[in-house]
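Peer 1: The sequence and its predicted three-dimensional model are supplied below.
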Amino acid sequence: MRSTINLIIITFFLLTSNCYASDHAKTDLGKGFEYYEAQNFEKAFISFKKSAEQGHAKAQIALGIMYQSGDGVLKDPKQAIAWYRKAAEQGHARAQYNLGVMYMFDTGVLKDYKQAVAWYRKAAEQGYAEAQFSLGWIYANGNGVLKDYKQAVAWYRKAAEQGHAEAQCSLASMYYEGHGVLKDPKQAVAWYRKAAEQGHARAQYQLGIFYIFGLGVLKDLKLAKGFIQKAHENGFEKASNAWTEFDLWKY
């Protein structure tokens, strides 16, 4: 059993769910997913490669993931880029997003914010929430584009409305700070709450702080205690400081 499963591999398993429901379960692509789930990575790689060479976009992105992670093949970011690009050029949103990530973090290719933005945008315009969030972050921070809080809010909102917890938390922050929207603590609370209900630690912490100071809500230290405690249990470091600073243990 592998010791580490990174985010992009988790994304890979999400990709597999549609395959088994299709009529192609016994194709090379389907066999690849079966082998991968059984952690027979070498056979998975062979099956995916056969399918990818026939132009199947899902197989191409699967190969990209395997080259990036080093499952069943020597890790090779440049090969990952090449296969992501093949799928991305067929309009595969997940591949477009992954290609954007590679450009953003100079993995297998020189860092290029403009290329990252271009590929994120292609995926985001297809409704891919992770890409929408990433575009929001880029506009909020001015990486590869002029800083534009209104654009940041627009993209955060698209992802947030799809249930993307990090986007919900970021949108809440924009409402609290008044960046790109009118300052509105109640809206901030509403979006923090959506993210907190998904277990987002920073959102849980922020809700706790809002209840401590009565920002957008009535002051309620018992509720504050509950949210701060959840944030602490989810590993948010600032939660421990808030616990002692505001004597939440009393409530």
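Peer 2: Arrived safely, thanks for sending. Numbering: from 1, shown residues only.

Peer 1: can you tell me how far G199 sits from F227?
Peer 2: Relative to F227, G199 is positioned 12 Å away (CB to CB, to the nearest Å). C-betas here are computed from N, CA, C, even on glycine.

Peer 1: Looking at these two, which has the bigger crowd around it?
Peer 2: F227 (26 against 13; other CB atoms under 10 Å).

Peer 1: can I assume that one is in contact with Y211?
Peer 2: Yes: proximity of F227 to Y211 meets the contact threshold set by CB atoms under 8 Å, at 6.6 Å.

Peer 1: Grab the most central residue of this structure for me.
Peer 2: The residue lying closest to the centre of the chain (CA atoms, centre = their mean) is E130, at 4.6 Å.

Peer 1: tell me which element that one is part of?
Peer 2: Using DSSP states H and E, the element containing E130 is helix 129-141.

Peer 1: Run the angle between the helix or strand that that helix is followed by and helix 129-141 for me.
Peer 2: For helix 129-141, the succeeding helix or strand toward the C-terminus, using DSSP H and E, is helix 149-160. On the basis of axes from the mean of the first three to the mean of the last three CA atoms, to 10 degrees, helix 149-160 is oriented at 160 degrees to helix 129-141.

Peer 1: let's have the chain start at 581 instead
Peer 2: OK, 581 is where the count begins now, so the last one is helix 729-740.

Peer 1: For the next helix or strand after helix 729-740, name the packing helices and strands.
Peer 2: For helix 729-740, the following helix or strand on the C-terminal side (DSSP H and E) is helix 745-757. Applying 3 or more CB pairs under 8 Å, 6 or more residues apart in numbering; DSSP states H and E, one finds that helix 745-757 contacts helix 709-721, helix 729-740, helix 765-776, helix 781-793.

Peer 1: G671 is nearest to which of the ones you listed?
Peer 2: helix 709-721 (13.1 Å; CB to CB).

Peer 1: Just the buried positions in that closest one, please.
Peer 2: Residues 709-720 are the ones in helix 709-721 that count as buried (16 or more other CB atoms under 10 Å).

Peer 1: could you dump those residues to a markdown table with distance to A822 and pLDDT?
Peer 2: As requested, these are exported to a markdown table (distance: CB to CB, whole Å; pLDDT from 0 to 100):
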| residue | distance to A822 | pLDDT |
| --- | --- | --- |
| A709 | 30 | 98 |
| E710 | 30 | 97 |
| A711 | 33 | 98 |
| Q712 | 31 | 98 |
| F713 | 26 | 98 |
| S714 | 29 | 98 |
| L715 | 32 | 97 |
| G716 | 27 | 98 |
| W717 | 25 | 97 |
| I718 | 30 | 97 |
| Y719 | 30 | 97 |
| A720 | 25 | 98 |
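
Peer 1: Okay, now the unreliable bits of this structure?
Peer 2: Within the chain, the segments meeting pLDDT under 70 span 581-606.

Peer 1: again, only using 50
Peer 2: Scanning the chain for pLDDT under 50 picks out 581-591, 593-594, 596-597, 599-605.

Peer 1: so which of the buried residues of helix 709-721 would you say is closest to Y616?
Peer 2: E710 (20.8 Å).

Peer 1: The spatially closest residue to that closest one that is not a sequence neighbour and Q706, how far apart?
Peer 2: Closest residue in space to E710, ignoring its immediate chain neighbours: Y677 at 5.7 Å, by CB to CB, 6 or more residues apart in numbering. Y677 sits 9 Å away from Q706, going by CB to CB.

Peer 1: more crowded one of the two?
Peer 2: Y677 (26 against 15).

Peer 1: Now do the contacts for the more buried one.
Peer 2: By CB atoms under 8 Å, 6 or more residues apart in numbering, the contact set of Y677 is 699-700, 703, 708, 710-711, 714.

Peer 1: What residues sit buried inside the helix or strand where it lies?
Peer 2: For Y677, the host element (DSSP H and E) is helix 673-684. Residues of helix 673-684 classed as buried: 673-684 (neighbour count, 16+ other CB under 10 Å).
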